[in-house]
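J.: Quick one, structure for this:
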Amino acid sequence: QVQLVESGGGLVQAGDSLRLSCAAVGLTFSFYTMGWFRQAPGKEREFVAAVGWGVGSTYYADSVKGRFTISRDNAKKTLSLQMNSLKPEETAVYYCAARRGGYTDSQRAYDYWGQGAQVTVSS
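T.: Residues are numbered from 1 along each chain as shown. Next comes the predicted model:
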């Protein structure tokens, strides 16, 4: 059974940093493209960042380029998202997702999802 478990969410102030982690169980982690998505209150879920399978390339939404860094540790089967200079409008539930295939920013193409981690950025 595949499980993706996010951790590291919390309450921070604008301008602060936060690091999210996602632990994967039950899949051959290195074979999967891994992504982060987020859903703010009253809004649709949106793509944040992704890292390709293996020693993959990284991809970012324009809104987070230069501030967020996605990384993966295939040996530990973990995915991370380092978020710097956070903004109040980035308050959202952040989801980890896995896709057996190449990069895409379409959430419909991802096969497995975590339960989400709340990130709240106060002004």
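J.: Name the residue closest to the centre of the chain, please.
T.: Central residue of the chain (CA atoms, centre = their mean): Trp36, 2.3 Å from the mean position.
J.: that's a helix at that residue, yeah?
T.: No - per DSSP: H, G, I helix; E, B strand; the rest coil, Trp36 lies outside any helix segment and is strand.
J.: and Met55, how many neighbours does it have?
T.: For residue 55 the amino acid is Val, not Met. Val55 has 9 neighbours, counted by other CB atoms under 10 Å. Where you see a C-beta, it was placed from the backbone N, CA and C, and this is true even at glycine.
J.: What values do phi and psi take at it?
T.: Recorded main-chain torsions at Val55 are phi -90, psi 80, according to degrees, to the nearest 10.
J.: and it, how far is that from Ala75?
T.: With distances taken as CB to CB, to the nearest Å, Val55 is found 12 Å from Ala75.
J.: Glu6 too?
T.: Using CB to CB, we find Glu6 at a distance of 19 Å from Ala75.
J.: more neighbours, the two?
T.: Each of Glu6 and Ala75 had its neighbours counted (other CB under 10 Å), and the higher figure belongs to Glu6 (22 against 8).
J.: what distance separates stretch 86-95 from the centre of its chain?
T.: Distance of stretch 86-95 from its chain centroid, counting by CA atoms, centre = their mean, to the nearest Å, is 11 Å.
J.: Using neighbour counts, pick out the buried residues of that stretch.
T.: Applying a neighbour-count criterion of 16 or more other CB atoms under 10 Å, one finds Leu86, Glu90, Thr91, Ala92, Val93, Tyr94, Tyr95 buried in stretch 86-95.
J.: so which of those comes closest to Phe29?
T.: Proximity to Phe29 was ranked across the buried residues of stretch 86-95 by CB to CB; first place goes to Tyr95, at 16.8 Å.
J.: Good, wrapping up.
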